[in-house]
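Novice: make a model of this:
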Amino acid sequence: MTLSPQTRAVVRMAVDYAALAVFAAVTLITHDMQRATWWLVGLSAVAIGVNYVIDRKIAPLPLIYGSLAMVFGLASLIFHDPRIIKMKTTFIDLGLGAVMLGGLALGKSPIKLLIGDNLKLSDKGWKALTLRFGLFFIVLAALNEVIWRTQPDSVWVLFRMPGLPILTFLFSFTQVPMMMKDAKAMEAAAAATDSQQ
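Specialist: Take a look at the predicted model:
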């Protein structure tokens, strides 16, 4: 399928969030999380397929999120236990946080592997961004646990969608000044090196 890069990005974002949006809507309208979970599982499978049709490959994060949605969703349905689907977010965010911080401890920047081609940062900048996102994901995991254990399903569902995407966007936005400062420092260093040659 031939689509412009902008159209592909819009379709990809819509597909990636469709399953969560429908899950939230069905839960809030019917008050039946089991029914909503069937929608989540089915649409997660569709999302993986659509991503493949659009790009002829599946990016790592959509594949991970979609696959885990199906695994946790099916487990929740099989065992008739909605707590399983609620804990999915905790496991995913803890996993992402552990990968970020673990990679950092090994001198690597997992976030650079995910978005490195789209962002130019120094090694110091990548390390700072990795640390911040690692801690952010762990905070999200803890927040998810507190909310699903203490609040009604409707509150947790709204936290999950649109709450988490909004929090992630806002946190990412707060990192822009650090990234711009790092980019300017790299440009200044490059200019100084050129002037010495």
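Novice: just for the protein, where's the confidence low?
Specialist: 1-3, 5, 116-117, 194-197 (pLDDT under 70).
Novice: dump stretch 79-93 to PDB, keeping only the CA atoms.
Specialist: Coordinates of the C-alpha atoms in stretch 79-93 are reproduced here as PDB (Å, rounded to 0.1, in the frame of the first residue of the first chain):
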ATOM      1  CA  PHE A  79      -9.800 -16.800  34.100                       C
ATOM      2  CA  HIS A  80     -12.700 -14.300  34.300                       C
ATOM      3  CA  ASP A  81     -10.500 -11.900  36.200                       C
ATOM      4  CA  PRO A  82     -10.400  -8.300  35.100                       C
ATOM      5  CA  ARG A  83      -7.500  -7.600  37.400                       C
ATOM      6  CA  ILE A  84      -5.200  -9.300  34.900                       C
ATOM      7  CA  ILE A  85      -6.000  -6.700  32.200                       C
ATOM      8  CA  LYS A  86      -5.600  -3.900  34.700                       C
ATOM      9  CA  MET A  87      -2.100  -5.200  35.600                       C
ATOM     10  CA  LYS A  88      -1.000  -5.300  32.000                       C
ATOM     11  CA  THR A  89      -0.100  -1.600  32.100                       C
ATOM     12  CA  THR A  90       1.900  -2.200  35.300                       C
ATOM     13  CA  PHE A  91       3.900  -5.000  33.700                       C
ATOM     14  CA  ILE A  92       4.500  -3.100  30.500                       C
ATOM     15  CA  ASP A  93       5.600   0.100  32.200                       C
END
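Novice: quick one, helices of this structure?
Specialist: Using DSSP state H, the helices of the chain run over 5-30, 33-55, 60-78, 82-105, 110-115, 123-150, 153-158, 164-174, 176-196.
Novice: spatially nearest residue to the most centrally placed residue in the chain (excluding sequence neighbours)?
Specialist: Within the chain, the residue whose C-alpha comes closest to the C-alpha centroid is Leu61; the distance, by CA atoms, centre = their mean, is 6.9 Å. Nearest non-adjacent residue to Leu61, counting by CB to CB, 6 or more residues apart in numbering: Leu114, 6.8 Å away. Using the backbone N, CA and C atoms, a C-beta is placed for each residue, glycine as well.
Novice: what's the answer for Ile54, then?
Specialist: By the measure of CB to CB, 6+ apart, the closest residue to Ile54 outside its immediate chain neighbours is Arg8, 5.6 Å from it.
Novice: how many other residues sit next to the one you found?
Specialist: For Arg8, the neighbour count with other CB atoms under 10 Å is 15.
Novice: what's the answer for Met33, then?
Specialist: 19.
Novice: what residues are up against Phe133?
Specialist: For Phe133, the contact set (CB atoms under 8 Å, 6 or more residues apart in numbering) comprises Leu96, Met100, Ile111.
Novice: and for Thr30?
Specialist: Shown here is Thr30, whose contacts under the criterion CB under 8 Å, 6+ apart are Ala36.
Novice: and the gap between it and Gly66?
Specialist: Plainly put, Thr30 is 23 Å away from Gly66 if you go by CB to CB, to the nearest Å.
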